[in-house]
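Colleague: sequence unknown, structure follows:
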């Protein structure tokens, strides 16, 4: 939490002192890590990898985990945690914090203060600027509200509630979420609270007033974004080095860790790099599986765990044991959270972590997106840009067509149309329609003509469906805390190296047709990590999914879900179509086209709204 106020106002200073004492009274772990006139930054007890990184001469602080950027794309050297010297501090001040995005990476929130003003507490030349920056890819949230003239920055809503602050739901957000799905949206979730989004920087004047909001990172515009890596050999080396370096860096401060091991390519890449990490952590793999499922990933996960000689736990997940009505509520959050994921995964990982002493869980999350498994259909588009309608483009289009059961002419026609006329909204609308079949038709019609509110990046420059898919979890709100328990309780820190800023940037610089190496989904990744991933997994071109698992969860909890979706706030506000919900939750055969993911998403939103209402 951070407090920012007018340092020349005795009333504001007195109020800030009172608020700080109130915060400290909620837990003994709160410590002031940065303090200049008008700005106090507090941290609670955290894992060893997170801390307060001070800039020189009281010029600011970077809270979280931050690493110096390595320039070599050929080696997987470990990036050490940043220690800001005078030159790096000078760069941060001169660039108003932009150098942190280009020269560093990690999971952090930075507060940069004008150097002279930091020393004296007085405006410099009539100006004092404070910059609040959220890194481009991390999960540590940064939210901001105002309390009696004091700007209060916070990462956990539970901390706000513990000092008596609560906020009503913004119904514009509820409608946006219901129509558009899970995406991180510009629309505030709570009235009186705004979010500092990934890659965004807020500028506050010397009285703590918000002056401007700027984007320091954009998926189309970042350092070297123009410098495409089109040679497959060079791209494979750069990808291997970047992912390896990020895994090594993120694992360095964890002597014992968990690895989610599905047997898929992405989690196997992360596990393989962990096994080769110089810090040699003790790794416990775990794999969830469904009872009597024809899609069982354990055989593939066993390959991955055995290859590295790691301990491997196989955890049965029976949908019949999941009873929402008996489960406790999630900890408060600014964003609606996945009720199922936090209840099942959170408690499971805490139990395993406690048993083996692990302080972090490494995952392959977002690998499908980052490594272009979801976007290989755009490979012909990328080839067309560089090679026109030559033999390379024809060969790429033929490979895409063979995987999508289409003709080469269909693939080429779509590629030419998108390149000449733009991607249009057809793909986005088709994706969106799968997640709002239960939304009231009038609400869907009202939102059709509105501007894209899906993400802050789209507010600066339109984001194509291809880029949106490649962003993966970066297009969604940050998910940092284990909400199945109090955020004050210890829980293994979730780490997804394939979402790290250097990995995301290197993958965005590699065209999709190069990722589609040899006509294989994630073909470049298969080539790059052949030394650490078992051959059986490298050859595998499909995914095993537990069929009807969530359908069974919904049937098991049908009464609970009906009660909340038919008689809840979303129905009363006419956000959901009651008749459509009735049909979707009907026992036995039904003609409803709603998918289980949409039902669970609306349930998450409803439960979050009820929690916010209780707190008022």
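Modeller: Now that the structure is in, tell me what you want to look at. Source: prediction; values computed, not measured.
Colleague: Against residue 143, how distant is residue 607?
Modeller: With the distance defined as CB to CB, to the nearest Å, residue 607 ends up 20 Å from residue 143. Every C-beta, even on glycine, is put in place using the N, C-alpha and C of the backbone.
Colleague: For those two, indicate the residue with more neighbours.
Modeller: residue 143 (21 against 18; other CB atoms under 10 Å).
Colleague: tell me the phi and psi of that one?
Modeller: phi -120, psi 160 (degrees, to the nearest 10).
Colleague: swap in the one 10 residues further on?
Modeller: Main-chain dihedrals, residue 153, degrees, to the nearest 10: phi -100, psi 140.
Colleague: same question, residue 462
Modeller: Dihedral angles (degrees, to the nearest 10) for residue 462: phi -50, psi 140.
Colleague: Please identify the helix or strand for residue 3.
Modeller: Assessed by DSSP states H and E, residue 3 sits inside strand 2-4.
Colleague: What helices and strands are in contact with that strand?
Modeller: If contacts are counted by 3 or more CB pairs under 8 Å, 6 or more residues apart in numbering; DSSP states H and E, strand 2-4 sits against helix 10-26, strand 39-43, strand 150-154.
Colleague: What sits closest to residue 49 if chain neighbours are left out?
Modeller: Of all residues beyond its chain neighbours, the one nearest residue 49 is residue 253 (4.4 Å), with distances taken as CB to CB, 6 or more residues apart in numbering.
Colleague: tell me the pLDDT at the one you found?
Modeller: Looking at residue 253, its pLDDT reads 90.
Colleague: In a strand, it, correct?
Modeller: No. Assigned with DSSP: H, G, I helix; E, B strand; the rest coil, residue 253 falls outside any strand and is coil.
Colleague: Neighbours of residue 295, how many?
Modeller: The number of residues packed near residue 295 is 14, by other CB under 10 Å.
Colleague: what about residue 201, which SS state?
Modeller: Here residue 201 is recorded as strand under three-state DSSP.
Colleague: where exactly do the strands run in the stretch 401-550 of the chain?
Modeller: Assigned by DSSP state E, counting those that start in this stretch, the stretch 401-550 of the chain shows strands spanning 493-495.
Colleague: low-confidence ranges in it?
Modeller: Low-confidence segments of the stretch 401-550 of the chain, defined by pLDDT under 70: 423-434, 448-454, 543-547.
Colleague: which residues of the chain score low on pLDDT?
Modeller: Counting by pLDDT under 70, the chain has low-confidence residues at 45-48, 115-127, 292-294, 423-434, 448-454, 543-547, 588-594.
Colleague: Walk me through the domains of it.
Modeller: Per automatic domain parsing, the domain ranges recorded for the chain read 2-142+196-215, 232-370+490-539, 376-473, 549-615.
Colleague: out of those domains, nearest to residue 174?
Modeller: For residue 174, the closest of these is domain 549-615, at 6.3 Å, according to CB to CB.
Colleague: Quickly find the element holding residue 361.
Modeller: strand 360-362.
Colleague: so what does that strand touch, helix or strand wise?
Modeller: Against strand 360-362 (3+ CB pairs under 8 Å, 6+ apart) you get helix 232-251, strand 256-260, helix 265-275, strand 493-495.
Colleague: strands paired with that strand, and their directions?
Modeller: Strand 360-362 pairs in its sheet with strand 256-260 (parallel), strand 493-495 (parallel), by DSSP bridges.
Colleague: What is the distance between the following helix or strand past that strand and the centre of its chain?
Modeller: Going down the chain from strand 360-362, the next helix or strand is helix 367-370, by DSSP H and E. Distance of helix 367-370 from its chain centroid, counting by CA atoms, centre = their mean, to the nearest Å, is 12 Å.
Colleague: repeat for stretch 232-243
Modeller: On CA atoms, centre = their mean, the centre of stretch 232-243 falls 23 Å from the chain's centre.
Colleague: and what of stretch 275-293?
Modeller: The answer for stretch 275-293 is 21 Å, by CA atoms, centre = their mean.
Colleague: Now that stretch: buried residues?
Modeller: Buried residues in stretch 275-293, counted by 16 or more other CB atoms under 10 Å: 275, 277, 281, 283, 284, 285, 286, 287, 288, 289, 290, 293.
Colleague: Grab the nearest non-local neighbour of residue 369.
Modeller: residue 472 (2.9 Å).
Colleague: Just tell me which of the domains of the chain ends up closest to residue 480.
Modeller: Among the domains of the chain, domain 2-142+196-215 sits nearest to residue 480 (CB to CB), with 4.3 Å.
Colleague: quick one: residue 390 and residue 64, what's the gap?
Modeller: The gap separating residue 390 from residue 64 is 47 Å, by CB to CB.
Colleague: which ones are touching the residue nearest to residue 541 when sequence neighbours are not counted?
Modeller: With CB to CB, 6+ apart as the criterion, residue 541 has its nearest non-adjacent residue at 6.4 Å, and that residue is residue 521. For residue 521, the contacting residues are 372, 373, 376, 403, 541, by CB atoms under 8 Å, 6 or more residues apart in numbering.
Colleague: Just give me the neighbour total for residue 39.
Modeller: Quick note: residue 39 (other CB under 10 Å) scores 26 neighbours.
Colleague: so it touches residue 111, yeah?
Modeller: Yes. Contact criterion CB atoms under 8 Å: residue 39 and residue 111 qualify, at 6.8 Å.
Colleague: returning to what we had before: mind putting the helices and strands packed on strand 2-4 into a markdown table with distance to residue 49?
Modeller: As requested, the helices and strands packed on strand 2-4 are exported to a markdown table (distance: least, CB to CB, whole Å):
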| stretch | distance to residue 49 |
| --- | --- |
| helix 10-26 | 23 |
| strand 39-43 | 13 |
| strand 150-154 | 20 |
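Colleague: coming back round to it: surely the residue nearest to residue 49 touches residue 51?
Modeller: No. In this structure, residue 253 is not within contact of residue 51 by CB under 8 Å, at 9.9 Å.
Colleague: Count the neighbours of residue 374 for me.
Modeller: Around residue 374 there are 17 residues (other CB under 10 Å).
Colleague: Now do the same contact list for it.
Modeller: 368, 469, 470.
Colleague: Tell me what residue 3 is bridged to.
Modeller: Beta-bridge partners, per DSSP bridges, of residue 3: residue 40, residue 152.
Colleague: go on, residue 360?
Modeller: Bridge pairing for residue 360 - DSSP bridges - gives residue 493.
Colleague: what's the answer for residue 133, then?
Modeller: Residues in beta-bridge contact with residue 133 (DSSP bridges): residue 110, residue 201.
Colleague: so what's it up against?
Modeller: Counting by CB under 8 Å, 6+ apart, residue 133 touches 97, 100, 101, 109, 110, 111, 112, 196, 200, 201, 202, 216.
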